[in-house]
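In: coords below, sequence missing:
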């Protein structure tokens, strides 16, 4: 949620509840107006099942965010990505765009997941990879 709000408002808010939201946002990219619809789902609500399948079918691309300070948030990514790919790519031959984002880069002193681990995971699953800090 912090990363989504930072993208939408350019402000950082550190604490969020455990709720999902759908946001809409216009952005000009390379001179073209792009309308984003973002379905922000906290990990606690992102369980595999019919509601997860509905979200996957709704989306055109995916940004999966983990905390570099939380090994568990990183460890669930391979299963989530396999679930997404099975649901989306099973219907067509097109590759589904997925980006893995390691957040909280500013908290490097609490890091438990290395940048290299994130890069290697993204490479092995054919995803994009970034490390960021929503706070910065």
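Out: Here it is on my side, so go on. This is a predicted model, so every value here is computed, not measured.
In: mind checking the longest helix of this protein?
Out: helix 77-89 (DSSP state H).
In: helices or strands next to the helix or strand hosting residue 63 in the packing?
Out: Using DSSP states H and E, residue 63 falls within strand 62-67. Using 3 or more Cβ pairs under 8 Å, 6 or more residues apart in numbering; DSSP states H and E, the elements in contact with strand 62-67 are helix 71-75, helix 77-89, strand 98-103. Backbone N, C-alpha and C define where each C-beta goes, glycine included.
In: Mind doing that once more with 10 Å?
Out: helix 2-9, strand 32-40, helix 71-75, helix 77-89, strand 98-103, helix 115-124, strand 128-131 (3 or more Cβ pairs under 10 Å, 6 or more residues apart in numbering; DSSP states H and E).
In: Could you identify the helix or strand that succeeds the second one?
Out: Under the assignment DSSP H and E, the closest C-terminal helix or strand after strand 32-40 is helix 50-58.
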